[in-house]
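S.K.: I need the structure of the sequence given here:
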Amino acid sequence: MTLPGRIALAATLFATSALGLILEIVAARLIAPYVGMSIYTWTAIIATVLAGMSAGHWIGGRLAERPDRQGLSIIGLMLALATVNVVVIPLLLRWAAPVLLASQVGVVTAVTALTAVLFFVPSLLIAGVTPIITRIAIDAEPGRRGIVIGRMFALGAGGAIIGTLAAGFVFISWIGSQGTLISVAALLGLMAVGFAVWARQFRSAQLAMLVIVAAGAFAAFRVDALLASACDAESRYYCIRVLDFSAETDGPSRLMVLDHMGHGINDRDDPTRLHSSYVELTDRMIDIRFRGKADLRSYFIGGGAYTLPRAWSVTYPQGTHVVAEIDPAVTAIARDMMWFEPTPVIRIAHADARVQLRQMQDGALDVVVGDAFHDISVPQHLVTQEFAQEIRTKLKPDGVYVMTVIDAAREPRFMLAMLKTLREVFPVVEIWVDVQQMGGGGRLTYLLSASAVPVPAPVLESRQNAGRQWQRVNPGAVAGSLSPEDVPVLTDDLAPVDRLIGVVAEQAR
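M.R.: Model prediction:
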């Protein structure tokens, strides 16, 4: 084989390895609006892609025994079939996701099945070309087998690295998930055509070209459906959507959804109108503790729809409200679509909340509000004893840390671990729940209040929503058979958030 031929083989191995990893990263972004983004999602995706690659390597190894020209034609056909599979992924997703999520099989099972339906076959086909290419390359330089094998392994690893970086840092944030998929399909199609021509086997080339033409015609015919995105904006962190919520309220309002979870409801005409129960509870707690204090100093871990900062800029007009929102795109959508208008009393830091907190003056804050989520779990570095100590250092002696936690209504392991952790740092830690939600099963939103003194009332009444009440609950009322020894103190060394909320993640949404 000539030098240009060997270079073409090497370039193909590099490119297919890159495209396989791009597909893996895109998989997470595509299914996030349906099932969220958690360790279970990533585990299912990685396992599916690795399973497809393993099967592809095994099948490709058996096919690699064919003569060179036949092997080249097989590569062309496999890449052509991969093109078709990648093209139809968006349509398969819109069909399969509602079916699986409505089947009551549990989220972990549904996520695993969904990723298998969408990404197993294209991963198999893309990986299947590697053994064939490697065998042809080795035979092309029989006296340098070890060198060739090392080179091909290095090219595969290098392609995977470049594909991961390109997907995470370039493609998804610039052209979105759908655009990235179409780009992957186009590159696979071009390589398929190249190998079909290179093989010079008429029937195989004809079949590969037929598959490519069919895929191209289908893509052209369904271009609107293929490029349609479930997101209003797609950032490096989230699929961001804004939904009209007016039918659920008595005036114009909108709901911000990050991936598949609501992150704030804003009222157009009244920034102080708080529709979410746990958001209004936070507001009531702070009102009781700091009534009449116009210069409240608050720090928000997570911005989302900026619902509470927007309200407090009106309620506490002489205060300072710092919001640490890691995703600038979330802020942009809040401004463009959620009626959030930054005021001089709101300071926005597009940075990690723990890093940004260290920039705050010790003993200067009245309130820290913890409301950062990745799917239903809180990022691990924001739940630890060490972080709680950092928060207490920044609070005034009468300051309070209010944290939202989503967990099971019965035996909430993560919430109880969070309670145990905060009690290592704060003298008083309370659990608050919505009375109406308390009686139900499944998932429950808790509010933890950590300070030097308790809230001066066991029950709080809503001033905006008739009949809404919140009550302070004893841990034993929700712990069931769990004892304090059954949950850990969360530390920077060990904070198994996803394991602790595993039961909640298993529940069908």
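S.K.: Outline the domain layout of this structure.
M.R.: 3-230, 264-506 (automatic domain parsing).
S.K.: Mind checking those domains for the one nearest to residue 240?
M.R.: Among those, domain 264-506 comes nearest to residue 240, with 5.2 Å by C-beta to C-beta. For the C-beta atoms, the positions are set from N, CA and C on the backbone; glycine is no exception.
S.K.: Least confident of the domains of the chain, on average?
M.R.: The minimum mean pLDDT among the domains of the chain belongs to domain 3-230 (a mean of 83).
S.K.: nearest to residue 249, of the domains of the chain?
M.R.: domain 264-506 (5.9 Å).
S.K.: and that closest one, how far from the chain's centre?
M.R.: 20 Å (C-alpha atoms, centre = their mean, to the nearest Å).
S.K.: sorry, back to before: possible to save the domains of the chain as TSV with mean neighbour count?
M.R.: Listed next are these as TSV, based on neighbours: other C-beta atoms under 10 Å:
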stretch	mean neighbour count
domain 3-230	19
domain 264-506	19
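S.K.: Could you dump the ones you listed into a markdown table with distance to residue 249 added?
M.R.: As requested, the domains of the chain are exported to a markdown table (distance: least, C-beta to C-beta, whole Å):
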| stretch | distance to residue 249 |
| --- | --- |
| domain 3-230 | 23 |
| domain 264-506 | 6 |
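S.K.: Just tell me which of these ends up closest to residue 237.
M.R.: domain 264-506 (4.5 Å).
S.K.: all strands of the stretch 251-400 of the chain, in order?
M.R.: 253-258, 261-267, 297-301, 320-324, 346-349, 365-370, 395-408 (DSSP state E, counting those that start in this stretch).
S.K.: The stretch 101-250 of the chain too?
M.R.: Using DSSP E, counting those that start in this stretch, strands in the stretch 101-250 of the chain cover 233-234, 239-244.
S.K.: Which neighbours in the sheet does the last one have, and how are they oriented?
M.R.: Listed by DSSP bridges, the sheet partners of strand 239-244 and their directions read strand 233-234 (antiparallel), strand 253-258 (antiparallel).
S.K.: Any chance of the strands of the stretch 251-400 of the chain in TSV with distance to residue 386 as columns?
M.R.: Listed next are those as TSV, based on distance: least, C-beta to C-beta, whole Å:
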stretch	distance to residue 386
strand 253-258	26
strand 261-267	26
strand 297-301	15
strand 320-324	17
strand 346-349	20
strand 365-370	14
strand 395-408	14
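S.K.: part of a strand, is residue 70?
M.R.: No: with DSSP: H, G, I helix; E, B strand; the rest coil as the criterion, residue 70 is helix rather than part of a strand.
S.K.: quick one: furthest residue from the center of the protein?
M.R.: residue 143 (48.5 Å; C-alpha atoms, centre = their mean).
S.K.: Report the separation between residue 285 and residue 314.
M.R.: Noted for residue 285: a distance of 18 Å to residue 314, by C-beta to C-beta, to the nearest Å.
S.K.: sorry, that was for residue 134
M.R.: Distance, residue 134 to residue 314, by C-beta to C-beta: 66 Å.
S.K.: now residue 262
M.R.: Distance from residue 262 to residue 314, by C-beta to C-beta: 22 Å.
S.K.: How about residue 372?
M.R.: Using C-beta to C-beta, residue 372 is found at 23 Å from residue 314.
S.K.: And residue 4, by the same measure?
M.R.: 69 Å.
S.K.: Checking residue 464 next. Helix, strand or coil?
M.R.: Under three-state DSSP, residue 464 comes out as coil.
S.K.: same question, residue 433
M.R.: strand.
S.K.: wait, isn't it in contact with residue 446?
M.R.: Yes: in terms of C-beta atoms under 8 Å, residue 433 counts as a neighbour of residue 446; the distance is 5.9 Å.
S.K.: can you list the strands paired with strand 239-244 in TSV and add mean pLDDT, mean neighbour count and distance to residue 59?
M.R.: Formatted as TSV, the strands paired with strand 239-244 follow (pLDDT from 0 to 100; neighbours: other C-beta atoms under 10 Å; distance: least, C-beta to C-beta, whole Å):
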stretch	mean pLDDT	mean neighbour count	distance to residue 59
strand 233-234	82	21	34
strand 253-258	93	24	39
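S.K.: Tell me which of the ones you listed sits nearest to residue 480.
M.R.: Of all the strands paired with strand 239-244, strand 253-258 sits nearest to residue 480, with 31.0 Å by C-beta to C-beta.
S.K.: List every C-alpha atom in that closest one, with coordinates, as CSV.
M.R.: What follows is strand 253-258, C-alpha atoms only, in CSV (Å, rounded to 0.1, in the frame of the first residue of the first chain):
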residue,chain,number,x,y,z
SER,A,253,-46.0,34.1,34.2
ARG,A,254,-43.2,31.8,32.9
LEU,A,255,-41.4,28.7,34.1
MET,A,256,-37.7,28.2,33.4
VAL,A,257,-36.7,24.5,32.8
LEU,A,258,-33.0,23.4,32.9
